[in-house]
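Student: I'll drop the sequence and a predicted model, then ask my questions.
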Amino acid sequence: MESSNAAIVDRVEAKIRALFREGLPITADVVAYIEATLGSADPHFVADLLDRPGESDSDTLLELVFFPDADFQCGLETVLMGGGLEAGDQSRLAKRLRDVPAWARLVFPSCPRQVGCRLPGTGVAPFLARLRLGWSIDGRLREALGPWSARQGEAGGDPGLLMVKLRNAALQQTPGQVALLVDFLERMAPDDRRLDPCFDFLMAFLPEHGKTRNFYRALMARKVYLLRHLAKARRQAERMSRSNMETLSATGFRAAYFDTAAAEKALGCIEAIALAVYGRSEHFDGRPASMDLGTMAADDIEGVVRRLL
């Protein structure tokens, strides 16, 4: 997006205000938190408190209520379309929202009454920061993402969800990161249900590897780490099943928590990504499990070399 295009700022501002009017859902978890900390989650009580910025309880509520969820961001992405606002445009947008506070309808579960409040000036900057409006997608990645977004829309999902996940990850989009994501999106089968969990894994994995050049090695290193900790967790569980905690504690045993379900899910993602992108994976002892370069153009030497490396 061009920084000098005032029309873009107009459209983003209008969309934010429209999404506020459509309603911000107050989840059951937020309601439970409000009841536990304030004693009441009555919609009018909450709206009245939010209209009094500066109080400690109000500031806490402000962050909970005006937190853009995936649906809000997907709605805004229909305007952004993978682009971003430069610093000057973001400042102009923030000033507009401070000068004329946006009114939001608050949607409480099991509450038909309509209540609302305005986003106070003190809440504008934190809210806009969560939208990551300064981020814009790399051209190659946009092209690779297009078919998958279209398929999600055809299947009844939100076509902007993958773009929102990319925006929230705030990737540096180094050449290596872009190449990995492009290869992953282009080589995953159209009907592969592992796309979403694998994509989520990459959104957590890639920001940790901004300077990495060999992503295959990085994936295998994570695989070894997870396998070792899974083995350790299983040995611990076996030991605990053979004795009671009092006896174990007397020997100095300390149980360490490790999320085995999450680790097994991550291992499945690593395997799927490695096979899709590089055509191979490795056993725990480091030997190649398979090598499949897939279908490639005869003159795509660069692609062959990249996958071999």
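Tutor: The structure has been received and is ready for your questions.
Student: Spell out which helix or strand contains the spatially closest residue to residue 20 that is not a sequence neighbour, please.
Tutor: Spatial nearest neighbour of residue 20, excluding adjacent residues (Cβ to Cβ, 6 or more residues apart in numbering): residue 104 at 3.8 Å. Backbone N, C-alpha and C define where each C-beta goes, glycine included. Residue 104 is located in strand 103-107, with elements delineated by DSSP states H and E.
Student: try residue 88
Tutor: Using DSSP H and E, residue 88 falls in helix 87-99.
Student: Does anything pack onto that helix? Which helices or strands?
Tutor: helix 6-22, helix 121-131 (3 or more Cβ pairs under 8 Å, 6 or more residues apart in numbering; DSSP states H and E).
Student: if we can go back for a sec, let me see the mean pLDDT of whichever helix or strand comes after the strand holding residue 104.
Tutor: Next along the chain after strand 103-107, taking DSSP H and E as the criterion, comes strand 115-118. On average, the pLDDT along strand 115-118 is 90.
Student: before we move on, what about stretch 205-220?
Tutor: On average, stretch 205-220 scores 94.
Student: likewise stretch 224-244?
Tutor: On average, stretch 224-244 scores 83.
Student: TSV please, covering the helices and strands packed on helix 87-99 and showing mean pLDDT.
Tutor: Below are the helices and strands packed on helix 87-99 laid out as TSV (pLDDT from 0 to 100):
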stretch	mean pLDDT
helix 6-22	95
helix 121-131	95
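Student: which one of the ones you listed lies closest to residue 61?
Tutor: Residue 61 lies closest to helix 121-131 among these, at 10.1 Å (Cβ to Cβ).
Student: and the helix or strand just after that closest one, what other elements does it pack with?
Tutor: For helix 121-131, the following helix or strand on the C-terminal side (DSSP H and E) is helix 139-154. Helices and strands touching helix 139-154, as assessed by 3+ Cβ pairs under 8 Å, 6+ apart, comprise helix 161-169, helix 175-187.
Student: so of these, which one's packed in deepest?
Tutor: Greatest average neighbour count among the helices and strands packed on helix 139-154 goes to helix 161-169 (a mean of 21), per mean count of other Cβ atoms under 10 Å.
Student: Report the angle between that helix and helix 121-131.
Tutor: Inter-element angle recorded for helix 161-169 and helix 121-131: 110 degrees (by axes from the mean of the first three to the mean of the last three Cα atoms, to 10 degrees).
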